[in-house]
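S.K.: when you get a sec, could you give me coordinates for this:
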Amino acid sequence: MSARRPGSRAGSGLALALALTLALVTQRATPAAAQDPPPAGLVLTSVDPAGYPAVSAVVTVDPGVAGVDLPSTDFTVEENGEPVDASIARMLTDNLEVVLALDTSGSMEGEPLAAARQAAAGFLTALPAEVPVAIVGFGPKPALLAEATTDRAALEVTLDDLTATGDTALYDAVVHSTVQFTTAATDRVVVLLSDGGDTASATTLEAAEAAAAGITLYVIDLVTPESNPDALARLAAAGHGTVSPAADPDALAALYQESARALVNRYRVVYTSAATGTVDLTVRLTAAGGTVEDTRSVDLPTPPAAPVSDDGASKVALAVPGPVGPGPHPGLLIGAAAFFLALLTIGVVVVPAAPRPAKPSTQMLALPAPPERPTPSQLTQRVADAAEAFLERRGRRQSLAARLEVAGISLRTGEFVVLVSACAAIGALAGIALAGLLGFFLGAAGVPLAAWAVVNVRVDRRRAQFADLLPDNLQLLTGTLRSGHSLMHALDTLGREASEPARTEFRRVLLETRVGRDPSDALAAVADRMDSDDFSWVVSAIDINREVGGDLPAILDNVADTIRERQRVHRQIKALTAEGRISGYVLTALPPVLALILAALNPTYFSRLTSGGGAVLLIASAVLVVLGWLWMRRLGRLDF
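M.R.: Below you'll find the model as predicted:
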């Protein structure tokens, strides 16, 4: 399974920009303020007056009070004590997705983490089977441990693999959890468990609140001396949710069960308000079990008053156009439009669309609801699916998907192709605006080449890191085997203690073996992905030992010594050939750099090389430079 997490500075900057934009847009939506705890059984979870005079609210009813699927006639809605006509319908779970964000910092080690695993497993059982659930763990950094899926068995395996270590990146976890939903989910819920305050986040509390404003956030606070109830209360208020404190780990199971029951018994209340300013909204439920209610203060907007003239008549100010000056350069306009389109494209492809409020059931309305139009993110998803199908027909999807996986790029093949194609089109537009036809070709061809170069660099870097750490990992493996543990337990130790990318690869081996794949096949797949002949020797040694027996730790020690010696020789040869390789870089870069300097300092002199016979010489020189670079690169390659 792949994880979708931003891994570059550009992605972090985009996420921050989108979070700030979301904070500005959602200023009109006033979440229910944290007041006195409402009576048990009914909670007015959120109130959204963004569509004023239409006001929308969400009510959560404990199924133990009056059951589920309650009729709308059991509810009463009042505004400042006066009854109002409202449409009330139960919110279905068709478009519901849930992210379980679990604190895996060092303070959770032992009984708290064990209780959290058990409580989360009970939550999965209580939730309807058709509701997708994702799991995010956070210690020093948040990480997506399982994508949104309805496979409860796979989720329970992920819960069993949770380990506690490090500090607590609480705010980073909130922001990270809000972007793990699929585009099909319009009802997005995060259930957050934490036992302490934030100690390691790069994100501020305000940014986490802005991210939580687009979802529903339920917080379970395992109360410890390190807890920060004020911050958790602010996050829950921003996410239209509640905070449930647990005095000890044994109380977690009951709180998770209550959260699961509440998610399947929520009701959307929609009514038209005639009031302005601050009002008290009350929702009351009268059923066989008694009467429960909850009240929240809501700030409704005040319509702007029209200016009045001296004679008492309203007047409307008309905008008078001023003098028109010279406009900006067309190239700047095209460049700015291309830059804006790039940000918009990247945001739509990589970042999931902001959740939309669930619409009330049409059974309570007299008129049928209009057909829902596809969102920009859904349209982009369709384009990505079409690109993926095209690659599948050409037989290129598997190879590209493997390269992206090894590079650690959390994009589907279709999404990657659409993103690169969009950036290439934007680069071509910017190039033609800035440098004419030459800029067009440079932008159109340069972006795909640069994207492929980035993928290759990341692949080579991860493979080199895996190869460099292999002797140390083999030493850790043999040490675990000598202490009496089995091979699978030794691989589990590597999955917990090895450095990246070996940690991810060995964790994947464990997951594959748990779902029925042969360990030798899973280890051989690692050797193929990492393109490591050295690790292939290790897999062969393990296969031979499984068939004929023998002292596996001693064999792996010999293999590790051989690999370490090969790496020593490799580094020595690399040092001896460094001068030739650097000369290749310098000689290859010298002609184009001198050409650019000459074109900038004396364009008239350089123009002789851009027309007639000079252009032929320039092209021939470029071809010879490329051939020379390839030849020197071949001479400096270390193959042994």
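S.K.: switch to C-alpha atoms for all contacts and neighbour counts from now on
M.R.: Fine.
S.K.: which residues in the stretch 401-550 of the chain form helices?
M.R.: Shown for the stretch 401-550 of the chain, the helices assigned by DSSP state H, counting those that start in this stretch span residues 413-482, 487-497, 502-514, 519-530, 533-548.
S.K.: quick one, the fourth one and helix 502-514 angle?
M.R.: When axes from the mean of the first three to the mean of the last three CA atoms, to 10 degrees is applied, the directions of helix 519-530 and helix 502-514 differ by 140 degrees.
S.K.: again with the first one
M.R.: Direction vectors for helix 413-482 and helix 502-514, defined by the same axes, to 10 degrees, enclose an angle of 90 degrees.
S.K.: tell me the angle helix 413-482 makes with helix 533-548.
M.R.: Inter-element angle recorded for helix 413-482 and helix 533-548: 50 degrees (by the same axes, to 10 degrees).
S.K.: just the mean pLDDT for helix 413-482, thanks.
M.R.: For helix 413-482, mean pLDDT is 84.
S.K.: just checking, what packs against that helix?
M.R.: With contacts defined as 3 or more CA pairs under 8 Å, 6 or more residues apart in numbering; DSSP states H and E, helix 413-482 has these neighbours: helix 330-350, helix 376-394, helix 397-407, helix 487-497, helix 519-530, helix 552-576.
S.K.: avg pLDDT for the first one?
M.R.: I take that to be helix 330-350. Helix 330-350 carries an average pLDDT of 47.
S.K.: same check, this time on the fourth one
M.R.: Here helix 487-497 scores 87 as its mean pLDDT.
S.K.: now tell me what touches that helix from outside.
M.R.: Helix 487-497 is contacted from outside by Asn473, Leu476, Leu477, Thr480, Leu481, Ala502, Arg503, Thr504, Glu505, Phe506, Arg507, Leu510, using CA atoms under 8 Å, 6 or more residues apart in numbering.
S.K.: need the contact list for the fourth one.
M.R.: Going back to what we said before, that points to Thr480. Neighbouring residues of Thr480 by CA under 8 Å, 6+ apart: Ala490, Thr493.
S.K.: try it again at 7 Å.
M.R.: Ala490 (CA atoms under 7 Å, 6 or more residues apart in numbering).
S.K.: look up how far Gly106 lies from it.
M.R.: Relative to Gly106, Thr480 is positioned 23 Å away (CA to CA, to the nearest Å).
S.K.: ok, now the fifth one?
M.R.: Using CA to CA, one obtains 27 Å as the distance from Leu481 to Gly106.
S.K.: for the second one, same thing?
M.R.: Summarising the geometry, the distance separating Leu476 from Gly106, computed by CA to CA, is 23 Å.
S.K.: sorry, back to before: of the contacts of helix 487-497, buried ones?
M.R.: The neighbour count (16 or more other CA atoms under 10 Å) marks Asn473, Leu476, Leu477, Thr480, Leu481, Ala502, Arg503, Glu505, Phe506, Arg507, Leu510 as buried among the contacts of helix 487-497.
S.K.: hmm, back to that, could I get the helices and strands packed on helix 413-482 as JSON lines with mean neighbour count and distance to Ala433?
M.R.: Shown next, in JSON lines, are the helices and strands packed on helix 413-482 (neighbours: other CA atoms under 10 Å; distance: least, CA to CA, whole Å):
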{"stretch": "helix 330-350", "mean neighbour count": "17", "distance to Ala433": "5"}
{"stretch": "helix 376-394", "mean neighbour count": "16", "distance to Ala433": "26"}
{"stretch": "helix 397-407", "mean neighbour count": "17", "distance to Ala433": "32"}
{"stretch": "helix 487-497", "mean neighbour count": "18", "distance to Ala433": "51"}
{"stretch": "helix 519-530", "mean neighbour count": "18", "distance to Ala433": "42"}
{"stretch": "helix 552-576", "mean neighbour count": "15", "distance to Ala433": "44"}
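S.K.: if we can go back for a sec, distance to Gly139 added to the contacts of helix 487-497, as TSV?
M.R.: Output for these, formatted as TSV (distance: CA to CA, whole Å):
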residue	distance to Gly139
Asn473	24
Leu476	24
Leu477	25
Thr480	26
Leu481	29
Ala502	20
Arg503	16
Thr504	17
Glu505	20
Phe506	20
Arg507	18
Leu510	22
